[in-house]
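S.K.: A predicted structure for the sequence below; I have some questions about it.
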Amino acid sequence: MNKKERSIWNSIEIGNKVEFTLKNKERYKSTVSGIDYTNIYIKTPTVGNAFLDFPQKMPVEIELEVHHPRRARVKFVSKILGQEWLKENCIKIACPHKIGWVELRWHYRIEVTLNATFSFVEEDEVGLHVLHPAFMAIIKNISEGGALLVVDKLMSIAVGSLINMKIQLLPQTLLRTRAKVIHIESSKGKYGLGIEWVIIGEKDKEDLRRFIADNIKNKS
């Protein structure tokens, strides 16, 4: 790995979501359970109560979600070195020779000042739950992929936090979406939260697309 690729490798953290595809095109989902300089460990997927068994030296294509200010997914090809069963059921995968970012679709991002409210979403053994109360915020820029949310206090917000949002696009247009915090920055007592949409309905998506297009048109 060169310096840039090593930086990408170092962006991977325990708990990152993983999708991996075997040579026979079978595809599985899991999470990162450990990583060091030479290997990455992925929790062994299950079918019912049974753990799956994977052959050693099998080629595997890995794609991960990571928390990064500008990118969100990492991709590389490697091979399975084996499985560990004693401490934690996991698959041991070799550090790749090459690693890179997944090319993401870029969106027009426009500068705005929009009122918004948001509530935290918490996950437990039962599922996802929206926590109350709702907090006020300002949207400073927005695109079809996400937005910059400005708040006065961080509260319990962290990278990876899920929030439910209501954004007043126009007097008669309210956008409802679930978003994930992908980076946090601070300036002059304010906090900027880079968020990306996780769930957004077709109508809300179309309202947002039209809002952005109209703003670009009016400024040209």
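M.R.: Right, received. Where do you want to start? Numbers count the residues shown, from 1 in each chain.
S.K.: what is the mean pLDDT for stretch 173-181?
M.R.: Here stretch 173-181 scores 93 as its mean pLDDT.
S.K.: CA-only coordinates of that stretch in PDB, if you can.
M.R.: Taking Å, rounded to 0.1, in the frame of the first residue of the first chain, the C-alpha atoms of stretch 173-181 are listed here in PDB:
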ATOM      1  CA  THR A 173     -43.400  22.200   1.400                       C
ATOM      2  CA  LEU A 174     -42.100  20.200   4.400                       C
ATOM      3  CA  LEU A 175     -39.400  17.600   3.700                       C
ATOM      4  CA  ARG A 176     -39.300  14.600   6.000                       C
ATOM      5  CA  THR A 177     -36.300  12.300   6.100                       C
ATOM      6  CA  ARG A 178     -34.000  10.100   8.200                       C
ATOM      7  CA  ALA A 179     -30.400  11.100   8.100                       C
ATOM      8  CA  LYS A 180     -27.000   9.900   9.400                       C
ATOM      9  CA  VAL A 181     -24.300  12.200  10.800                       C
END
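S.K.: What residue, apart from its backbone neighbours, is nearest residue 150 spatially?
M.R.: In this structure, residue 150 finds its nearest non-sequential neighbour in residue 138, 4.7 Å apart by C-beta to C-beta, 6 or more residues apart in numbering. Quick note: C-beta positions are derived from backbone N, CA and C, even for glycine.
S.K.: distance between whichever strand or helix holds that neighbour and the chain's centre?
M.R.: Using DSSP states H and E, residue 138 sits within strand 135-142. The chain centre lies 19 Å from the centre of strand 135-142; the measure is C-alpha atoms, centre = their mean, to the nearest Å.
S.K.: which secondary structure elements does that strand contact?
M.R.: Counting contacts by 3 or more C-beta pairs under 8 Å, 6 or more residues apart in numbering; DSSP states H and E, strand 135-142 packs against strand 110-123, strand 146-151.
S.K.: Identify whichever of the ones you listed lies nearest to residue 173.
M.R.: The minimum distance between residue 173 and the helices and strands packed on strand 135-142 falls on strand 110-123, with 10.5 Å, by C-beta to C-beta.
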